[in-house]
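Colleague: Everything below, folded, please.
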Amino acid sequence: MNNITDLKTVRLSDDSCAVVILDQTRLPAEESYLSLVTAEDIWDAIYKLKVRGAPAIGVAAAYGMYVCSRQIQASSYSDFYTEFHRIKEYLAGARPTAVNLVAALNRMEKVVLDNSSEDVSTLVQLLHDEAQAIRAEDAAACRRIGEHCLSLLRPGMGLLTHCNAGHLAVSEYGTALAPIYLGEERGYGFKVFADETRPLLQGARLTAYELQRAGVDVTLICDNMASAVMQKGWVQAVVVGCDRVAMNGDVANKIGTSGVAVLAHHYGIPFYVLGPTSTVDKQCPDGKSIVIEERDPDEVSEMWYAHRMAPRGVRIYNPAFDVTPHELITAIITEKGIAYPPFEDSLRQ
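Modeller: Have a look, this model is predicted:
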């Protein structure tokens, strides 16, 4: 993949005991790594999208809990767990929509709860092992997701994607971009259209960057151009990632995803959602139950401009995600297989 995996999005530095992340806010101009050593560092990196992508957030949080656990001053299990739980709840508040964040934190907490008879040093080592397992499982799941999706695609197809669900957002191959990378390795010759993904421009800054770096035929388009390229017959499938999947098949993903799904439905284009089973929230019956994060209005009016591009005082609505209803989704593809409607049955299976 032309060294795309050299971009280690999240890794653990055992020497200095830090979570090392590629600062995605500096891409594509600069590849800059940050070392995170405190709970505040990790919370800030997740909230400010220095590390982003639902699975990558989960890996960062798991590594973060291990790093923070090493710093807990406690002589008893009770004292250790009290401080551990406080940090866990603090990190969980950084991004409420991505289910992987809470799922990873809950896994780390379960290690502590299941080993209450162990001493603190043993608990810390077990937390290290669990964090590494979460990272390894994520990488393996991505490969399987890509293989399943590739079975639905044909060489030479035009694919459209929204936001970033590739190597930068997950591990190794990513989720929505995994079939693209596998197809590139096998000579499929996909032609990819990447939505810019306003207002944070993940498609422009991240997806276009990593696909171009990997040698993929990629064309960047503004979000409002998706209909035009579909109308021209240039797109034969849409592949997107997901941050949370409800049990009825409704999907929360980056803002603008639901609009792409409406367009795909209109033009008769398959709309595939790719993500690990960790994004399926068994406690969430439908999309109405998903809490949608709202972000700073300045991301819309000022973030990427030398001068403010909206009148001062105007109201700005800036949700980070929207919900794509299950009726618009052709299939949900996980590492365990392909789920088709009715999703209430296929997701449970």
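Colleague: Report the mean confidence score over stretch 117-131.
Modeller: The average pLDDT for stretch 117-131 rounds to 96.
Colleague: try stretch 25-36
Modeller: Per-region confidence: stretch 25-36 scores 92 on mean pLDDT.
Colleague: For whatever helix or strand residue 107 lives in, name the packing helices and strands.
Modeller: Element membership for residue 107 (DSSP states H and E) is helix 99-114. Counting by 3 or more CB pairs under 8 Å, 6 or more residues apart in numbering; DSSP states H and E, the packing neighbours recorded for helix 99-114 are helix 54-71, helix 77-92, helix 120-150. From N, CA and C alone the C-beta is placed, and that goes for glycine too.
Colleague: so which of those comes closest to residue 279?
Modeller: Smallest distance to residue 279 across these (CB to CB): 5.9 Å, for helix 54-71.
Colleague: That closest one to helix 77-92, inter-axis angle?
Modeller: Put simply, helix 54-71 runs at 150 degrees to helix 77-92, going by axes from the mean of the first three to the mean of the last three CA atoms, to 10 degrees.
Colleague: List the buried residues for helix 54-71?
Modeller: Across helix 54-71, burial judged by 16 or more other CB atoms under 10 Å covers 54-69.
Colleague: with the residues you listed in mind, which one is nearest to residue 257?
Modeller: Taking the buried residues of helix 54-71 together and measuring to residue 257 by CB to CB, the closest member is residue 54, at 12.9 Å.
Colleague: Find the nearest non-adjacent residue to residue 270, please.
Modeller: Ranked by CB to CB, 6 or more residues apart in numbering and with sequence neighbours excluded, the top spatial neighbour of residue 270 is residue 330, at 4.3 Å.
Colleague: count of residues packed around that neighbour?
Modeller: 19 (other CB atoms under 10 Å).
Colleague: That one and residue 274 touch, don't they?
Modeller: No - look at residue 330 against residue 274 with CB atoms under 8 Å: they stay out of range, at 11.6 Å.
Colleague: mind listing what the residue nearest to residue 270 touches?
Modeller: Applying CB atoms under 8 Å, 6 or more residues apart in numbering, one finds that residue 330 lies in contact with 270-272, 340.
Colleague: please redo it, this time with the cut-off set to 7 Å
Modeller: By CB atoms under 7 Å, 6 or more residues apart in numbering, the contact list for residue 330 reads 270-272.
Colleague: Same check on residue 216?
Modeller: 180, 184, 190, 192.
Colleague: possible to save those residues as TSV with secondary structure?
Modeller: Output for the contacts of residue 216, formatted as TSV (DSSP: H, G, I helix; E, B strand; the rest coil):
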residue	secondary structure
180	helix
184	helix
190	coil
192	strand
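Colleague: Going through those residues, which ones are buried?
Modeller: The neighbour count (16+ other CB under 10 Å) marks 180, 184, 190, 192 as buried among the contacts of residue 216.
Colleague: Now pLDDT too, for those, in a markdown table please.
Modeller: Output for those, formatted as a markdown table (pLDDT from 0 to 100):
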| residue | pLDDT |
| --- | --- |
| 180 | 97 |
| 184 | 95 |
| 190 | 98 |
| 192 | 98 |
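Colleague: Which two among those are spaced furthest apart?
Modeller: Of all the pairs that these form, the one spanning the most space (CB to CB) is 184 and 192, at 9.7 Å.
Colleague: Residue 291 reaches residue 98, doesn't it?
Modeller: No - using CB atoms under 7 Å, residue 291 is not in contact with residue 98; the gap is 10.7 Å.
Colleague: Mind checking which of those two has more residues around it?
Modeller: Higher neighbour count among residue 291 and residue 98: residue 98, with 27 against 11, using other CB under 10 Å.
Colleague: Starting from residue 140, give me the distance back to the more buried one.
Modeller: As judged by CB to CB, to the nearest Å, residue 98 and residue 140 stand 20 Å apart.
Colleague: and what of residue 232?
Modeller: Using CB to CB, residue 232 is found at 38 Å from residue 140.
Colleague: Those two: which has the busier surroundings?
Modeller: The neighbour count for residue 232 versus residue 140, taken as other CB under 10 Å, is higher for residue 140 (14 against 9).
Colleague: Show the model's pLDDT score for that one.
Modeller: At residue 140, the predicted lDDT confidence score is 92.
Colleague: Please name the nearest non-neighbouring residue to it.
Modeller: According to CB to CB, 6+ apart, the nearest residue to residue 140 is residue 335 (7.4 Å).
Colleague: Surely that neighbour touches residue 146?
Modeller: No - contact status for residue 335 versus residue 146: not in contact, 9.4 Å apart, counting by CB under 7 Å.
Colleague: Between these two, tell me which one has more neighbours.
Modeller: Set residue 335 next to residue 146 and count neighbours by other CB under 10 Å: residue 146 wins out with 25 against 22.
Colleague: For the residue lying closest to that one once chain neighbours are set aside, list the residues it contacts.
Modeller: Distances taken as CB to CB, 6+ apart place residue 178 nearest to residue 146, at 2.8 Å, with adjacent residues excluded. Contact analysis of residue 178 by CB under 7 Å, 6+ apart lists 142-143, 145-146, 149, 274.
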